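Chemist: Just a sequence and a predicted model for now, questions to come.
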Amino acid sequence: DLVSYSSRGANDLGDYEKCSASIKSHYLLLEFRITPQFPSALNFALCLPKECKADELNRLKPFLLKGLIFVLEAVKLPTKGGVVINEDIIEFVEAYEKNTELSQFTNGTYIVLGIFIVSAFLCVVASYVTSKDTSSSICGKILNCWNAKENITAICY
């Protein structure tokens, strides 16, 4: 069952629920980060016996790295230039910890959310206020920039 709950290819996350439901197994992710310029990782889900912990598996990185280089050279992919091949590109992670880390908002998330809320508020206010004749005042001209009805009409027609 462990194999059937694991990945069948890159970014196939297997069956987390069934793997985690077993008292004899747990779910890990194997991440490959090929280049720093491309922050997305190739993920492989592994349903392994409970005894296999991520920190212990991370000690296998030198052997996995040799295998990865062999595969890349066998399929004629460049291992020099923009591709960085070292132990930092391979990481076993506990799925629960990774999920907890990724599900938390960062400061950037709050900033983008704040900008969106302010913009939406300005669109509503501007659409209401500029429906009255306020285009002669400087505030009216500024608010008219946020007028959703006027902007949609200008773009679509």
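Modeler: Everything's here; your move.

Chemist: So the most centrally placed residue in the chain, which state does it fall into?
Modeler: Ranked by distance to the mean C-alpha position of the chain (C-alpha atoms, centre = their mean), the top residue is Ser40 at 6.8 Å. Classification of Ser40 using DSSP: H, G, I helix; E, B strand; the rest coil returns coil.

Chemist: so how far is Asn151 from it?
Modeler: 34 Å (C-beta to C-beta, to the nearest Å). Heads up, the C-betas are built off the backbone N, CA and C, glycines and all.

Chemist: what is the rounded mean pLDDT of the helix or strand harbouring Val112?
Modeler: Element membership of Val112, judged by DSSP states H and E, is helix 107-129. For helix 107-129, mean pLDDT rounds to 84.

Chemist: got the contact list for that helix?
Modeler: With contact meaning C-beta atoms under 8 Å, 6 or more residues apart in numbering, helix 107-129 is reached by 140, 143-149.

Chemist: These into CSV, with extra columns for secondary structure and distance to Lys66?
Modeler: Formatted as CSV, the contacts of helix 107-129 follow (DSSP: H, G, I helix; E, B strand; the rest coil; distance: C-beta to C-beta, whole Å):
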residue, secondary structure, distance to Lys66
Gly140, helix, 69
Leu143, helix, 63
Asn144, helix, 64
Cys145, coil, 59
Trp146, coil, 58
Asn147, coil, 62
Ala148, helix, 58
Lys149, helix, 63
